[in-house]
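Trainee: Have a look at this prediction, sequence included:
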Amino acid sequence: MEFSGLHISFAAFALISLGAGLGLALSKRFIYAAFLLFALLFGVAALFIFAGAELLAVAQLIVYVGGILILLVFGIMLTRKRISGFAETALHQSIPSALVGMGTAAVLLFVFLQVDWESLDWMQHSGVVESGLDNPQMIGKQLLSSYLLPLELMGILLLLALIGAAYIAKEKA
């Protein structure tokens, strides 16, 4: 099998995602975990692009990296312990967590190896959406016409959550 640049870049993003996920699980400091989460979410967005789901990749970058991760970093900065200088996570459950993670990985690997991927109907029709919303333009038009009110309400709800989190953090400081 010949390896192209596409194969190499896919493997690189997969390794970035796996390494960041492992580092995230083993990180002792919250701020390091937030940066590793950034790398993980960025790597997963790149893998979405390889899967042909560009809209999911953009949504992942905008919603998770651009919104939730920034909110998480602000929360860490606002509520960090002032005495020791660094907020650290407790690793008292690291062995049970590692065992559960390895067990889950073993089950997923077993299932992955047992499935006949060629016989799955949805694998033969991948990339074809029957609902008519098969491209980002149609989804955008639907979001900004039929679903405009829920979209705006969700934005207001997220803004209120951010304001509430900042108020609670300020009150405790």
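Mentor: Arrived safely, thanks for sending. Treat the numbers as computed from the prediction; the structure is a model and nothing was measured.

Trainee: Would you state the helices of the chain in chain order?
Mentor: Ranges of helices within the chain are 5-26, 30-50, 54-59, 69-79, 94-114, 121-124, 136-143, 148-172, based on DSSP state H.

Trainee: most neighbours per residue, which of these?
Mentor: helix 30-50 (a mean of 18; mean count of other CB atoms under 10 Å). C-beta coordinates here come from the backbone N, C-alpha and C atoms, glycine included.

Trainee: contact partners of stretch 3-17?
Mentor: Residues outside stretch 3-17 that contact it (CB atoms under 8 Å, 6 or more residues apart in numbering): 39-40, 42-44, 46-47, 50.

Trainee: and the helices of the chain, which one is worst for confidence?
Mentor: Ranked by mean pLDDT, those bottom out at helix 121-124, with a mean of 59.

Trainee: Surely residue 73 touches residue 33?
Mentor: No. Using CB atoms under 8 Å as the test, residue 73 is too far from residue 33 to be in contact (10.4 Å).

Trainee: For the spatially most central residue of the chain, give me its contacts.
Mentor: Central residue of the chain (CA atoms, centre = their mean): residue 41, 4.2 Å from the mean position. Contacts for residue 41 (CB under 8 Å, 6+ apart) come out as 60-61, 64-65, 69.

Trainee: 10 Å instead, please
Mentor: Contacts for residue 41 (CB atoms under 10 Å, 6 or more residues apart in numbering) come out as 17, 20, 60-61, 63-66, 68-69.

Trainee: Model confidence at residue 91, what's the number?
Mentor: Note on residue 91: pLDDT of 64.

Trainee: how much space between the residue nearest to the centre of the chain and residue 75?
Mentor: Distance of residue 41 to residue 75, computed by CB to CB, to the nearest Å: 16 Å.

Trainee: Residue 40 now?
Mentor: Residue 40 is 18 Å from residue 75, where distance means CB to CB.

Trainee: next one: residue 138
Mentor: From residue 138 to residue 75 the distance is 36 Å (CB to CB).
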